[in-house]
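Asks: Predicted model follows, preceded by the sequence.
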Amino acid sequence: MSGDTVKTAKIIVRADGAEVALDMAQRLVALAQAKKEGIFRIALSGGSTPKKLFELLASPAFVARMPWERVAFYYGDERHVPHDDAASNYRMSCETLFNHVAATEGHVYPIPTNGTAEEDAASYQRLLQAHYGAQDLDPARPFFDVVMLGMGQDGHTASLFPRQPVLQEREKWVATCVPDDAPHTRITLTYPAIASSRHVVFLLEGKGKAEMFRRVRSGDDALPSSHVTTQGEMTFLCDKAVTEGVS
Ligand SMILES: O=C1O[C@H](COP(=O)(O)O)[C@@H](O)[C@H](O)[C@H]1O
């Protein structure tokens, strides 16, 4: 496996957000179809960027092509709010995708938010460990087939926010984070859990992401996104506005 970092990641540029979503949907279908045995495990990103992708996956063309019965959906991060809250990543994914595709029933694993944040993070870690079949991650056996990530305008990814202790976490797979300048306590995959992947794909669109993308690619260590690694391949899937002016 490649063992990519953000510096070695491939950059793919598409015309606009619709083309980014189409590329990602096609990529997910191709990877899921290519995996002939076992469950295809995807960690979804939150925020607004993946909406178009989720809607596309719920469209008839993709419903027909995705081998849903072999696909399991997890979450890279969640706001610690009830699942019906407007800020919930799970709620957004249900409204745009899961409520429309019956075949996903029983294959979606939301981060729980009904206990304390610490309890819910520990509970999600136990679920991942049970699905992995071990307490410790083995670099030779990545858990996720695909981890989808976004990037905030402060350089955060998943809910790995600047200046927060979660950035030093190397043991837990799932941890809490209280951003100092963004709403909601968060629950997030940690760096080692994200690294336990065959593919990491950053989905980026809009000129608001250009500056952070430029800084991450140029190795700005202050940004949480700069420290993402994977045991497999990493790709930045961007629209033109993100990469304009970035070498
Ligand atoms: O808070 C979050 O922000 C990032 C970026 O979100 P976007 O709205 O700019 O797409 C997202 O990737 C993360 O999952 C989310 O919880």
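Replies: Arrived safely.
Asks: Wait, Ser2 touches Thr235, no?
Replies: No. The pair Ser2 and Thr235 does not pass the contact test of Cβ atoms under 8 Å, sitting 10.7 Å apart. Where you see a C-beta, it was placed from the backbone N, CA and C, and this is true even at glycine.
Asks: May I see the buried residues of stretch 180-200?
Replies: By 16 or more other Cβ atoms under 10 Å, the buried positions in stretch 180-200 come out as 184-200.
Asks: and those residues, which of them are in strands?
Replies: Of the positions in these, 186-189, 197-200 sit in strands, assigned by DSSP state E.
Asks: Pull the most distant pair out of those.
Replies: Largest separation among those by Cβ to Cβ: Arg186 and Arg198, giving 24.9 Å.
Asks: could you point out the longest helix in the protein?
Replies: Longest helix of the chain, by residue count under DSSP state H: helix 17-34.
Asks: List of residues touching the helix or strand following it?
Replies: Using DSSP states H and E, the helix or strand that follows helix 17-34 in sequence is strand 40-44. For strand 40-44, contacts defined as Cβ atoms under 8 Å, 6 or more residues apart in numbering pick out 28, 31-32, 50, 67, 70-76, 89, 93, 131, 143-148, 189, 194, 197.
Asks: Starting from strand 40-44, tell me which strands it pairs with and how they run.
Replies: Looking at strand 40-44 with DSSP bridges, its partner strands are strand 71-75 (parallel), strand 144-149 (parallel).
Asks: Can that strand be said to contact the ligand?
Replies: No. Against the ligand, strand 40-44 shows no contacts by Cβ under 6 Å from any ligand atom, the least distance being 8.2 Å.
Asks: Would the next helix or strand after that strand count as contacting the ligand?
Replies: Once strand 40-44 ends, the next helix or strand along the chain (criterion: DSSP H and E) is helix 51-57. No. For helix 51-57 and the ligand, the contact criterion (Cβ under 6 Å from any ligand atom) is not met; the two come no nearer than 8.5 Å.
Asks: Name the residues of helix 51-57 that are buried.
Replies: Of the residues in helix 51-57, those buried (16+ other Cβ under 10 Å) are 51-57.
Asks: ok, for the most centrally placed residue in the chain, nearest residue in space, not its chain neighbours?
Replies: Computing the C-alpha centroid of the chain and ranking residues by Cα atoms, centre = their mean puts Met148 first, at 3.0 Å. In space, Met148 comes closest to Ser45 once its chain neighbours are excluded; the distance is 4.3 Å by Cβ to Cβ, 6 or more residues apart in numbering.
Asks: Hmm, Ile194 and the one you found touching each other?
Replies: No. Contact criterion Cβ under 8 Å: Ser45 and Ile194 do not qualify, at 10.8 Å.
Asks: Identify the contacts common to those two.
Replies: In contact with both Ser45 and Ile194: 76, 149, 158, using Cβ under 8 Å, 6+ apart.
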